[in-house]
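*Asks:* What follows is a predicted structure for the sequence shown.
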Amino acid sequence: MVRGDDPVRMKLRDPLVYIIILLLISLLVIPITRDPFYLYLSSLFMILSIFSLSYNILFGYAGLLSFGHALFYAAGAYSLALFTMNVLRDPFIGVLVALATSTILAIAVGALTLRHSKIYFAMLTLAFGMLLYALLIKWRSVTGGSDGIAGIPRSGFIVNIMDPVARYYFIYGAFALILILLYLFHRSRYGLLIRGLGVNEDFMPYTGHSVYRLRMIAFIISGSVAGVAGALYALLMGVITPDLAYWTTSAEPLVATLIGGSKFFAGPILGSLIFIVITTLVARIADIWQLMLGLILASLILGSRGGIAEVVERIWRAGRSSGLRV
Amino acid sequence: MDLSPILNQIITGLYRASIYWLIASGLTLIFGVLRVVNFAQATLLVLGGYMAFTFYAITGNFWISIPLSAISVGLIGLLSERLLLKPIYKVEATYQLLMTFAIALIINDLAKLTWGKLPVLVPLPDILKISVEIFGRSLILYVILIIVTGLAVYIAMALLINNTMWGLRVRATWRRPEIAESLRINTSTIYSSVFFLGCAISGMGGALMVAFSPVAPGLGDFLIVSAFIVTVIAGMGNLLGAYIASIIIGVSESLFTLYLPEIDLLLIYLIMAISLLLRPQGIFGER
Amino acid sequence: MTNEGRRSALKLIGAGIVGLAIGAAGGLTLAPEKVREITVTQTGPGGATVTVTETKTIREAPAARLPKDTIKIGLLLPKTGVWAPYAKYGEEAAIMAVEEINDTGGILGAKVQLIVRDELADVVKQARELVEAEKVDFITGVISSGNAMRLGPIMPELNRLFILAGAATHRATEELVYKQGIKHIFRLNVPVYYEGILTAWIAKDLPVKRWAGINPDYEYGRVSWDLFKTYLKKLRPDVEFVAEQWFPSPGTTDFSKYLSAVDAAGAEGLFTTAWADEAAGLHRQAAELGYYKKFKAAINPMGYTAPVFYALGRGYPQLVNGMWVGARYIWFYPPTSINKRFVDAYVKRWGRVPAYNSEYAYTSIYVIKAAIEKAGSLDLDALIEALEGMVIMSPVGVRWIRPEDHQAVHESIIGRTSDEVINIGGEIRMLTDIKAVPPLFYYRSPPDWKVPMIDR
């Protein structure tokens, strides 16, 4: 076996770059269809992709199972809504505020939770997510309680995204920027180190890096990006409710990541696409999307824990190696 | 000061505690022995309620519907363990948890397809509507039945584990599965029987619950969180701890509703977070 | 009922057709001049179904053709969980209306098609899909007030009319339509003025001073309880509100801890705006746990909708001073031929009596028909103009759509459970002491949102 899995050599021939470029180009031309429904679905897809990519930094890279990632998503959505409605009416600044809020929250929650591992980390993140959920429900005078906040402004003095196409490109811009930044992070030294955590964290101390510090970096990046995803969701829908912080929202990027493939950079994107197709398009025909997701999840866990990306890679490699032999 | 309203509130809390315990007991038993966090536990309780609805419709007898639902939910649990969990015992624990999550999704939708999306209920038998006087308050037999069942389940589980041959094997597997295997204990059978028992208890819980409060889609999503709160406060895998913790949570939830209704929900999750931060091994767990 | 009770102001309110007349006269102001010219009765199978008063100019316009063969109407109803029993009642009535219209030539030659979606599967997402993927021309239904407040603000973006039929928060019309000027929303049902203000008239005369609330923790429960407290205090300053409990909704199936908590606070009367299976569950559990032997009276404004009285059947509790229950429309009232025809057709077709939201779903389809016929097109502004100030005869009685806030004004009744149990497709415990209250007594009206008979 000479054709090795050396990560550095793999990267040089990384087909991923082409996949990302192709994805960005196809999303760029979607508005040509002029169909508001496709615009809306593609927007949902991009937002869930950002959310899942952020989730995978914890799950796939650092090997941390979180059941409370909705904490940052909801925090981003609510901070955008509260800021643009009460302080300064501008979607762009709102997104920056959401980014700041979720980053600060990630530092605080990370400091409290990251010393715990495995199931305790999962339970702690669940507790923090549900704590925000309870706060959003109970603090009615500020958050609107279970009714949430409606009428989130889409125009301001910097950007005006009242028009669906403008809104689409706004989300697209954020998506493209985050995708490129996360890819650069993926290939960076820290990206590699954090991916090492997921493989075997016991070896980490020998590299001279503290596990806690690496986890913290992963947690902050993950939380802040999830906050931006939440803010974009608030802008797309114009309405938010505390359900955004409920644990089932945390399960969405988890399911998308598992389906797509947690060990691949593009896995969460692929998973998000499948997730959106099943929950939106298939649900229109038959209301069995939970069953479908459950069955896909169960068969992937049994057959290919690397998700659909791994299945695709296996087929691709099999094809290529047989091709080389000929 | 008349204490009876507070006592009444505590009894209401004990009733809720029993329901939580009937989920948490299965969760604890399964986690203790198999090291699997069963996300589907509350879904199985809800399934028990649906089953009881069907068995009641067939037999017309509330009492018969309880063991029938317990056994069928136990069998469904056993089936999912054999088919879906057994093949992945050797891989990372995370995937076992995720598999139970997938099981919950599947059962949720299958229940929806079978029983529809409307809530279902079994009428409360007249004998359970009889009220008795306790502390100057009238209390119906149903509430007492649920509270007593909770206690009985704890005692039965403790006896089963501490005083039977099966219990000895379970305890051995609970501590050190490798050593248990070297002692020729068939751990695979132990795993399956524990899974069956854990699921059957929750199935019974659902059958009992559905005579008072209906079951509906999405109820499991809500109950599983309460059961998690109970188990993490107790320390994962501690039976006595889980029983006491369900009483603590059930009663404090009830008292918060009486005294602090505007923040009751918040306090429960705060207790969960603080307890995990300060004592991740649980109040009753050892490091 | 005590002598004192009978002497009450409720007696002054009177009952029956008198109320209809006040409602028809526009409740509070006169109908706009142009609306009074011609009355056209549109005929459904077997007789008159909807009467529309139109202006002359529209009548003289050449017969309009619509630019399409099919008018699609999206109906949003709760289809999952504890609120779901409402859905079939709305869906069934809407199907009836669509069939009647299609059998008699459609709307200006176009067929009507109904698409039903679950408003509990994210109402904004569902509405978006209805408009953008299914291309519906109108949205109707929506039972949850929370959902109405979520969907309302995005209607200009979706650019469709939203014929709200069910959700009751007064904020949908007072704030979204009147203050924010979202002209896309029209509401056919009486808002929480019924839940909060009409019930205050009932509570005022009961020998109960200590009230407690167990309400769903969302828009509807919150605003209803607020209005009830405010207006009961105005009508009877000596009452006390000893406890308020909020249960998560939809989704609550166990009410024991809320019941024991209001009991611990020493409540004599219970006010609850639980609805659908949550109402049935609350009453059943309160009776089983013995609380209805301790409370003297209970008020549940939406306690007498079909899904609730069928679920409870003979077991619908009776309290010493009355289990006061109602619905925005109750099948046996008013005793008009149009209502009789609607109820008979519904019972014949579906085997049960209609729920209040059946009437709303049914009428909403006819209101859409009337609006299109009057406007002669699907142009949004023309449709809005057609609907503003429209007067419609419907099963619930005369409806007048107030132009200022797009709120329909109609009469509703309330009563307390009686000893009589009848059977129409299931056991129904009947009502007694029925109060038919004219809108003047409980509708708030623009611009200052006062109730004429209270805030004088």
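*Replies:* Done, it's in.

*Asks:* The longest helix along chain B near chain C anywhere?
*Replies:* In chain B, with assignment by DSSP state H, the single longest helix is helix B:4-34. Yes: applying C-beta under 8 Å from any C-beta of the partner chain, one finds helix B:4-34 touching chain C at B:5-6, B:8-9, B:11-13, B:15-16, B:19. All C-beta spots, glycine's among them, are computed from the backbone N, C-alpha and C.

*Asks:* Contact partners for the closest residue to chain C within chain B?
*Replies:* As assessed by C-beta to the nearest C-beta, chain C sits closest to B:Pro5 within chain B, at 3.2 Å. By C-beta atoms under 8 Å, 6 or more residues apart in numbering or on different chains, B:Pro5 lies in contact with B:258, C:260, C:263-266.

*Asks:* What segments of the stretch 51-200 of chain A are helices?
*Replies:* All helices of the stretch 51-200 of chain A, identified by DSSP state H, counting those that start in this stretch, fall at A:70-86, A:91-113, A:118-138, A:140-143, A:164-187, A:189-200.

*Asks:* Out of these, which is closest to C:Asp381?
*Replies:* Nearest of these to C:Asp381, taken as C-beta to C-beta: helix A:164-187 at 21.1 Å.

*Asks:* rewinding a little: going by distance to chain A, which of the residues of helix B:4-34 next to chain C wins?
*Replies:* Distances from chain A to those, taken by C-beta to the nearest C-beta, are shortest for B:Arg16, at 17.3 Å.

*Asks:* how about the closest one, what does it touch?
*Replies:* B:250, B:253-254, C:254, C:256-257.

*Asks:* related to what we said a few turns ago, how about the contacts of B:Pro5 in TSV, adding secondary structure?
*Replies:* Compiled in TSV, these are given as follows (DSSP: H, G, I helix; E, B strand; the rest coil):
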residue	secondary structure
B:Leu258	helix
C:Ser260	helix
C:Asp263	helix
C:Ala264	helix
C:Ala265	coil
C:Gly266	coil
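
*Asks:* Pull up the residues of chain B that are close to chain C.
*Replies:* Counting by C-beta under 8 Å from any C-beta, chain B comes close to chain C at B:5-6, B:8-9, B:11-13, B:15-16, B:19, B:117-119, B:124, B:129, B:131, B:138, B:140, B:142-143, B:212-219, B:222, B:253-254, B:257-258, B:261, B:265.

*Asks:* Give me the buried entries from those residues.
*Replies:* B:5-6, B:8-9, B:11-13, B:15-16, B:19, B:117-119, B:124, B:131, B:140, B:142-143, B:212-219, B:222, B:253-254, B:257-258, B:261, B:265 (16 or more other C-beta atoms under 10 Å in any protein chain shown).

*Asks:* any idea which element B:Leu45 lies in?
*Replies:* Assigned by DSSP states H and E, B:Leu45 belongs to helix B:41-59.

*Asks:* Can you list the low-confidence ranges for the stretch 51-200 of chain B?
*Replies:* Residue ranges of the stretch 51-200 of chain B with pLDDT under 70: B:136.

*Asks:* give me every residue that touches the nearest residue to C:Leu158 once chain neighbours are set aside.
*Replies:* Closest residue in space to C:Leu158, ignoring its immediate chain neighbours: C:Val131 at 4.7 Å, by C-beta to C-beta, 6 or more residues apart in numbering or on different chains. C:Val131 makes contacts with C:74, C:139, C:158-160, as judged by C-beta under 8 Å, 6+ apart.

*Asks:* Having no further points to raise, I will conclude here.
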